[in-house]
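Participant: the sequence isn't on hand, but the structure is:
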């Protein structure tokens, strides 16, 4: 896990304007300590628990906020990001410079870097969230029983959502926006790599919330308590309702292994594309270039290409990828079929298991759809797999037999993304099978409540 992130958190919420209409009835009975200063003698456990308790109070108020109020908050956050873009980018440049000095990989630096265009993208995602329906109160199912009882199962907020991530300042805004729209409070642990950037972002988010009368404590951070704070957050069962890790394998497995709080596991992306014998050359070239080179540092980038032995597209695909700077790690049959001018290196089992997050691609030749599916089953992380084909039967079999969070036919794997799939943004890509799977948007940050209405019925 990353080093401690030390910064001063924004002041505790002073949201008295909305207190009379949204303060929970029992809040006066809850004694929440003021945030402790960061010092060598601070009781980190007490401080993190205090943050979580303030989040729970804020979550009650967020759960009572109607859609219009939450949407005003999202638009206020977007406006504040634009207004403070200079300060955000200045802070981010410090983090990027520190990352370069520390030898941070190119892929991690790409994730760490904010630009005017990326801030504009965050603002657009917030505006999209504001335009989406409010998931809270949505009726999942309902019926009237023979005894007259009226039943409804409705979506309700999770409550306090915690997120642990690294070197991804965009996640600070994405998760906060999704949490707010779905009526939750969020506690963030963003890591030391984005120290300066996250400090500014959290301040901007909290001030924007206060400006529309919602509790600033709906967005808090434990970064000032470093790794100890993260460990205590993971054990804060009963104070935190769900924890979402987002990052590399080591971070995710640390959270999954050590957390007492329920975890929604987001996974790494060892993503595959299978080109069958019927796929067209033009489509294969365009999709592979997009899936590998558009932004190689992200989890929906293709990492392994499987080519049917009967396909004729390999020379064109390999040539295009090589010209784009992609380094090929190929099995013996692929290397023998490559044009003489295309360089490659022998692939090993390590290549089939690797999420490169860079301009590297493992390539294997297979003799059948069955062989391609078996390779995927052996090496997949359950994120995204794609088939390029003009054979409907092959497409339907691939969809049925490949067990990943997203299965794509004749399109780039880069579409496994909350914004691209109409979710506004995403908390992460879940590769587990409980509650949420695939891109996690608004609905995935809700749970359900059963409402039973009767007229005096008793059970016989």
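Facilitator: Arrived safely. Here the structure is a predicted model, which means the values were calculated and not measured.

Participant: ok, which stretches of the stretch 151-300 of the chain are helices?
Facilitator: For the stretch 151-300 of the chain, the helices defined by DSSP state H, counting those that start in this stretch cover 169-181, 195-211, 226-234, 249-258, 281-293.

Participant: most tightly packed of those helices?
Facilitator: Ranked by mean neighbour count under mean count of other Cβ atoms under 10 Å, the helices of the stretch 151-300 of the chain are led by helix 169-181, which reaches a mean of 27. All C-beta spots, glycine's among them, are computed from the backbone N, C-alpha and C.

Participant: helices and strands around that one, which ones?
Facilitator: The helices and strands touching helix 169-181, judged by 3 or more Cβ pairs under 8 Å, 6 or more residues apart in numbering; DSSP states H and E, are helix 67-83, helix 116-131, strand 160-165, strand 185-189, helix 195-211, strand 219-221.

Participant: circling back to that earlier point, where among the helices of the stretch 151-300 of the chain is average confidence lowest?
Facilitator: Of all the helices of the stretch 151-300 of the chain, the segment with the smallest mean pLDDT is helix 249-258, scoring a mean of 87.

Participant: and the helices and strands packed on helix 169-181 as TSV, adding distance to residue 415?
Facilitator: Conversion of those to TSV gives the following (distance: least, Cβ to Cβ, whole Å):
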stretch	distance to residue 415
helix 67-83	24
helix 116-131	16
strand 160-165	22
strand 185-189	26
helix 195-211	27
strand 219-221	29
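
Participant: looking at the ones you listed, which is nearest to residue 389?
Facilitator: Within these, the stretch nearest residue 389 is helix 116-131; the backing value is 31.8 Å (Cβ to Cβ).

Participant: next, the angle from the closest one to helix 195-211.
Facilitator: Counting by axes from the mean of the first three to the mean of the last three Cα atoms, to 10 degrees, helix 116-131 lies at 30 degrees to helix 195-211.

Participant: pLDDT (mean, whole number) over the host helix or strand of residue 140?
Facilitator: Residue 140 belongs to strand 139-144 when elements are defined using DSSP states H and E. For strand 139-144, the per-residue pLDDT values average out at 96.

Participant: show me what it is packed up against.
Facilitator: Contact analysis of strand 139-144 by 3+ Cβ pairs under 8 Å, 6+ apart lists strand 150-157 as its packing neighbours.

Participant: parallel or antiparallel, list what pairs with the strand it packs on.
Facilitator: The strands beside strand 150-157 in its sheet (DSSP bridges) come out as strand 139-144 (antiparallel), strand 446-453 (antiparallel).

Participant: reformat those strands as CSV; add mean neighbour count and distance to residue 229.
Facilitator: Conversion of the strands paired with strand 150-157 to CSV gives the following (neighbours: other Cβ atoms under 10 Å; distance: least, Cβ to Cβ, whole Å):
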stretch, mean neighbour count, distance to residue 229
strand 139-144, 11, 36
strand 446-453, 13, 26
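
Participant: next SSE downstream of the helix or strand bottoming out on mean pLDDT in the chain?
Facilitator: Within the chain, confidence by mean pLDDT, DSSP states H and E is lowest for helix 19-22 among all helices and strands, at a mean of 36. Beyond helix 19-22 in the direction of the C-terminus, DSSP H and E gives the next helix or strand as helix 44-64.

Participant: so how far is that following helix from its chain's centroid?
Facilitator: In terms of Cα atoms, centre = their mean, to the nearest Å, the centre of helix 44-64 is found 22 Å from the chain centre.

Participant: with stretch 397-416 instead?
Facilitator: In terms of Cα atoms, centre = their mean, the centre of stretch 397-416 is found 19 Å from the chain centre.

Participant: can you give me the buried ones in it?
Facilitator: Neighbour counts using 16 or more other Cβ atoms under 10 Å place 397-398, 402, 404-408, 412-416 of stretch 397-416 among the buried residues.

Participant: mind listing what residue 81 touches?
Facilitator: When contacts are counted by Cβ atoms under 8 Å, 6 or more residues apart in numbering, residue 81 touches 88, 119, 122-123, 126, 173, 204.

Participant: skipping adjacent residues, who's closest to the most centrally placed residue in the chain in space?
Facilitator: Residue closest to the average C-alpha location in the chain (Cα atoms, centre = their mean): residue 428, at 1.6 Å. Counting by Cβ to Cβ, 6 or more residues apart in numbering, residue 266 is the residue found nearest to residue 428 once chain neighbours are left out, at 3.5 Å.

Participant: list the residues that contact the one you found.
Facilitator: Under the criterion of Cβ under 8 Å, 6+ apart, the contact list for residue 266 reads 244-246, 252, 427-431, 440.

Participant: out of the residues you listed, which are buried?
Facilitator: The neighbour-count criterion (16+ other Cβ under 10 Å) marks 244-246, 252, 427-431, 440 among these as buried.

Participant: any chance of CSV for those residues, columns distance to residue 214?
Facilitator: Rendered in CSV, the data for the buried ones among the contacts of residue 266 read as follows (distance: Cβ to Cβ, whole Å):
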residue, distance to residue 214
244, 22
245, 26
246, 24
252, 31
427, 20
428, 24
429, 28
430, 27
431, 33
440, 23
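
Participant: roughly how far does residue 169 sit from residue 107?
Facilitator: Summarising the geometry, the distance separating residue 169 from residue 107, computed by Cβ to Cβ, to the nearest Å, is 15 Å.
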